[in-house]
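Enquirer: Sequence first, then the predicted structure, then my questions.
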Amino acid sequence: DTEVTQTPKHLVMGMTNKKSLKCEQHMGHRAMYWYKQKAKKPPELMFVYSYEKLSINESVPSRFSPECPNSSLLNLHLHALQPEDSALYLCASSQDPGGSNEQFFGPGTRLTVL
Amino acid sequence: GESVGLHLPTLSVQEGDNSIINCAYSNSASDYFIWYKQESGKGPQFIIDIRSNMDKRQGQRVTVLLNKTVKHLSLQIAATQPGDSAVYFCAENRAVGNQFYFGTGTSLTVIP
């Protein structure tokens, strides 16, 4: 299995809702990432997990809460989001958190906040 | 056809021509670079990578050139096909862990 899967594919939520995005990989990778991508812009790094521990938080607002329950799963919990948080949320994984190696991306979750 | 990356985010080429997409990166300590292709509604897809100890790497129909002196990266696509139409991003790894930072991107349109 050489892919990163993300669910749901699309999500519409109100500003008072709580929802979660899910990411899964079965490649044995020990680093997992969340990126946010606005239309016609490059992906922006949000969080990095290394060996299931949060290693990087790129000053992301607390209404985004990541979680790594095990080495294959990565969640992003969403609460009290704003319309400007509407974007494509991408998950990625890589084999070695400490080295320079390829990141594999999932297809993304298209989030719309009303 | 050729883009200058940050200054010309769109590039249109005739089918069968060669394409050159350029990218300027920011950190002289970056040691690993990837070119990604992103089609509409999909996640970025790996095309080719290059490490800082190389200045050229070739794949199938694609070549990446790295000029560390001027911090410049280019992607050359030979005999461009309609299926190559997408947005292309360069990503640099800044040699601290495995974190990538993406360039602005170039939208390539292939005219049949």
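Expert: That came through fine.

Enquirer: what about residue A:11, distance to chain B?
Expert: 15 Å (C-beta to the nearest C-beta, to the nearest Å). C-betas here are computed from N, CA, C, even on glycine.

Enquirer: Just list whatever residues bridge to that residue.
Expert: When bridges are taken as DSSP bridges, the partners of residue A:11 come out as residue A:111.

Enquirer: Now do the contacts for it.
Expert: A:19, A:21, A:109-112 (C-beta atoms under 8 Å, 6 or more residues apart in numbering or on different chains).

Enquirer: pLDDT weak spots in the chain?
Expert: Let's take chain A. Within chain A, the ranges that satisfy pLDDT under 70 run A:1-2.

Enquirer: hmm, I had chain B in mind actually
Expert: B:1-8, B:95-97.

Enquirer: the strands in it, which residues?
Expert: B:10-14, B:19-24, B:32-38, B:45-51, B:56-58, B:62-67, B:72-77, B:86-93, B:100-102, B:106-111 (DSSP state E).

Enquirer: So which bits of chain B are right by chain A?
Expert: Residues of chain B lying near chain A by C-beta under 8 Å from any C-beta of the partner chain: B:31-32, B:34, B:36, B:41-46, B:49, B:51, B:89, B:91, B:93, B:95, B:97-105.

Enquirer: Enumerate every residue touching residue B:93.
Expert: Contacts for residue B:93 (C-beta under 8 Å, 6+ apart) come out as A:100, B:30-34, B:99-100.
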